[in-house]
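Student: Sequence first, then the predicted structure:
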Amino acid sequence: MGILETMVFWEGYVSDEVMGTFAPIVLYWLYAGFYQLLPRLDRYRLHTKKEEEQKNLVTLATVVKGVLLQQVVQATIAQVLFLITAKASLSGVPVQPSIPIQILQIFVAMLALDTWQYFMHRYMHQNKFLYRHIHSQHHRLVVPYAVGALYNHPLEGFLLDTLGGAISFLISGMTPRTSVFFFCFAVMKTIDDHCGLWLPGNIFHIFFQNNTAYHDIHHQLQGSKYNYSQPFFSIWDRVLGTHMPYSLVTRREGGLEARPLKD
């Protein structure tokens, strides 16, 4: 029995489709809430608390409402997607593939989601109308924090995240059960990218070059035309010349700073 099977604690209680729909939402608030409730940890912050309060152009209450709206849309689309794929199956019950196949499917889904989000994200920056009226809402968080990871204009939330997730699910051919692990992992990675903390031993920082500091560069003025890749790899940035490296330096007032470097 593989690790993915041993982690299916919900079997007999709720369906895979229900878990695939709601587990990422519940995990979002638990994981993001964990970051929000951490002690100040000023020495690990990429921006000071004062910067967060002064530079951000939107309140926490507005951010929470925006994320909840996006999650309502995501849950609705997920239920429709699972219903359609179930009807397309001859038996109505998808056969769960072997662990190696599931791992391959998750990797394919990661590449598909990265590809979709890179080109959609980049176009929303390059098209002045879309940036001004749609994508600029996300950049009201000049200093990102965990709860704001999915704070977007509703149309962007649908195009970038919801539709991107649906495409990666369909292209990879994963089952609803496998999707639980993939979407929960994607949610955690997205939150971590926006948490604003460079914590020692963070596995996302160890295994992914596209991490908290990498995405923080994109939220800075001098990096807004770079580091579009999200949420997993930096492949497209490197291939298409939009990669901006950085160095982590210690600020005199305490904490860290992701400082852009010329590539």
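Tutor: It's in.
Student: where in the protein is pLDDT low?
Tutor: Scanning the chain for pLDDT under 70 picks out the ranges 1-7, 89-94, 262-263.
Student: Run through the residues that contact the spatially most central residue of it.
Tutor: Closest to where the C-alpha atoms of the chain average out (CA atoms, centre = their mean) is Thr190, at 2.5 Å. Contacts for Thr190 were tallied using CB atoms under 8 Å, 6 or more residues apart in numbering; they are Ala149, Leu150, Gln230, Pro231. (C-beta placed from N, C-alpha, C; glycine too.)
Student: would you list every one of the helices in the protein?
Tutor: For the chain, applying DSSP state H gives helices covering 3-6, 16-37, 49-55, 60-88, 99-126, 128-133, 154-156, 163-172, 176-194, 203-207, 212-219, 235-240.
Student: hey, C-alpha coordinates of the second one in PDB?
Tutor: What it means is helix 16-37. What follows is helix 16-37, C-alpha atoms only, in PDB (Å, rounded to 0.1, in the frame of the first residue of the first chain):
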ATOM      1  CA  ASP A  16     -13.300  12.000  -3.400                       C
ATOM      2  CA  GLU A  17     -15.200  14.700  -5.300                       C
ATOM      3  CA  VAL A  18     -16.300  16.400  -2.100                       C
ATOM      4  CA  MET A  19     -12.800  16.300  -0.700                       C
ATOM      5  CA  GLY A  20     -11.300  17.500  -4.000                       C
ATOM      6  CA  THR A  21     -13.700  20.500  -3.800                       C
ATOM      7  CA  PHE A  22     -13.500  21.500  -0.200                       C
ATOM      8  CA  ALA A  23     -10.200  20.200   1.200                       C
ATOM      9  CA  PRO A  24      -8.100  22.900  -0.600                       C
ATOM     10  CA  ILE A  25     -10.500  25.600   0.700                       C
ATOM     11  CA  VAL A  26     -10.300  24.400   4.300                       C
ATOM     12  CA  LEU A  27      -6.600  23.900   4.100                       C
ATOM     13  CA  TYR A  28      -6.200  27.500   2.700                       C
ATOM     14  CA  TRP A  29      -7.600  29.000   5.800                       C
ATOM     15  CA  LEU A  30      -5.800  26.700   8.200                       C
ATOM     16  CA  TYR A  31      -2.400  27.100   6.500                       C
ATOM     17  CA  ALA A  32      -2.800  30.900   5.800                       C
ATOM     18  CA  GLY A  33      -4.200  31.400   9.300                       C
ATOM     19  CA  PHE A  34      -1.200  29.600  10.800                       C
ATOM     20  CA  TYR A  35       1.100  32.200   9.100                       C
ATOM     21  CA  GLN A  36      -1.100  35.100  10.100                       C
ATOM     22  CA  LEU A  37      -1.100  34.000  13.700                       C
END
